[in-house]
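1. Here you go, sequence then predicted model.
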Amino acid sequence: MSFRIVTISREFGSGGRSIGKMAAEKLGIPYYDNELVTKIAEKSGFAQSFIKEHGEETSATSSLLFNLSNWGTYYNYTVSDQLYFAQRRVIEELANKEPCVIVGRCADYILRDRTDCLNVFIHANMEFKRKRIVEIYGGQQETTLDKRILEKDKRRKAYYKHYTNQSWGQMENYHLCLDSGVIGLEKCADVIARLMKPSR
């Protein structure tokens, strides 16, 4: 089977974004993460800050994402629904246009009917994720880190469940699940790149 598209779903702190970028570089194809936010903003009119905050997870402190129907509806769709539809449209356009790597935003579900799409889930143990977050964002107390990691993934799970009715991180929803803490980011990217290249 020949793949053209890679979708990367990832636990917070697992290095999924970096793995996706490295895989794209190895394959010489476009990588969409923050670039995806820009394109969605251009198509939808939503502010990039709003897309970054609400584009693939619920809010832990408010019900903003799923409860705007009283004041943010347009043809019976909430603001969060409008954002999801805009993201879906952009992801489908990118997948139709050219081979690429797409991070997050339910891309695996949105492109589920394609036979040329490799869906990957990146995970790692808590110790690895703590260390990586400290390296990227600076030092924090261990209890604070654990809470941040668990809350971030909880919000992603809720968002994914709401729009796909499936379980985020459940292995049956992906073609490949990789433990970045054991395998390493570079080797994870190598595995993805090898699977993307057609066998001879």
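-> Sure thing, it's come through. Numbering: from 1, shown residues only.
2. alpha carbons only for contacts and neighbour counts from here, please
-> Will do.
3. For residue 78, see how far away the residue nearest the centre of the chain is.
-> Central residue of the chain (C-alpha atoms, centre = their mean): residue 104, 1.2 Å from the mean position. Between residue 104 and residue 78 the computed distance is 21 Å (C-alpha to C-alpha, to the nearest Å).
4. Could you do residue 138 as well?
-> 36 Å.
5. And these two? Which one has more around it.
-> Counted by other C-alpha atoms under 10 Å, residue 138 and residue 78 do not tie: residue 78 has more neighbours, with 20 against 9.
6. where does that one land on pLDDT?
-> Per-residue confidence at residue 78 stands at 79 (pLDDT).
7. What of the one 10 residues further on?
-> Looking at residue 88, its pLDDT is 94.
8. Next: residue 11.
-> 97.
9. One more: residue 135?
-> Residue 135 is given a pLDDT of 89.
10. Pull the number of nearby residues for it.
-> Burial of residue 135 is recorded as 10 neighbouring residues (other C-alpha under 10 Å).
11. and what of residue 175?
-> Residue 175 is flanked by 12 other residues according to other C-alpha under 10 Å.
12. got the contact list for it?
-> Residues near residue 175 by C-alpha atoms under 8 Å, 6 or more residues apart in numbering: 118-120.
13. Give me the distance between it and residue 196.
-> Note on residue 175: its distance to residue 196, by C-alpha to C-alpha, is 12 Å.
14. Common neighbours of the two, please.
-> Listed as contacting both residue 175 and residue 196 by C-alpha under 8 Å, 6+ apart are residue 118.
15. export stretch 102-122 as PDB, just CAs?
-> Extracted in PDB, the C-alpha atoms of stretch 102-122 (Å, rounded to 0.1, in the frame of the first residue of the first chain):
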ATOM      1  CA  ILE A 102      -0.800  17.100   9.200                       C
ATOM      2  CA  VAL A 103      -0.700  17.400  13.000                       C
ATOM      3  CA  GLY A 104      -3.800  17.100  15.200                       C
ATOM      4  CA  ARG A 105      -7.200  18.700  14.600                       C
ATOM      5  CA  CYS A 106      -9.000  15.300  14.100                       C
ATOM      6  CA  ALA A 107      -7.200  15.000  10.700                       C
ATOM      7  CA  ASP A 108      -7.100  11.200  11.100                       C
ATOM      8  CA  TYR A 109     -10.900  11.100  11.400                       C
ATOM      9  CA  ILE A 110     -11.600  13.700   8.700                       C
ATOM     10  CA  LEU A 111      -9.500  11.700   6.200                       C
ATOM     11  CA  ARG A 112     -10.700   8.300   7.400                       C
ATOM     12  CA  ASP A 113     -12.200   7.300   4.000                       C
ATOM     13  CA  ARG A 114      -8.900   7.800   2.200                       C
ATOM     14  CA  THR A 115      -6.700   4.700   1.500                       C
ATOM     15  CA  ASP A 116      -3.600   6.800   1.000                       C
ATOM     16  CA  CYS A 117      -3.500   8.200   4.600                       C
ATOM     17  CA  LEU A 118      -1.200   6.900   7.300                       C
ATOM     18  CA  ASN A 119      -2.700   7.700  10.800                       C
ATOM     19  CA  VAL A 120      -0.100   7.800  13.600                       C
ATOM     20  CA  PHE A 121      -0.500   8.200  17.300                       C
ATOM     21  CA  ILE A 122       2.500   9.300  19.400                       C
END
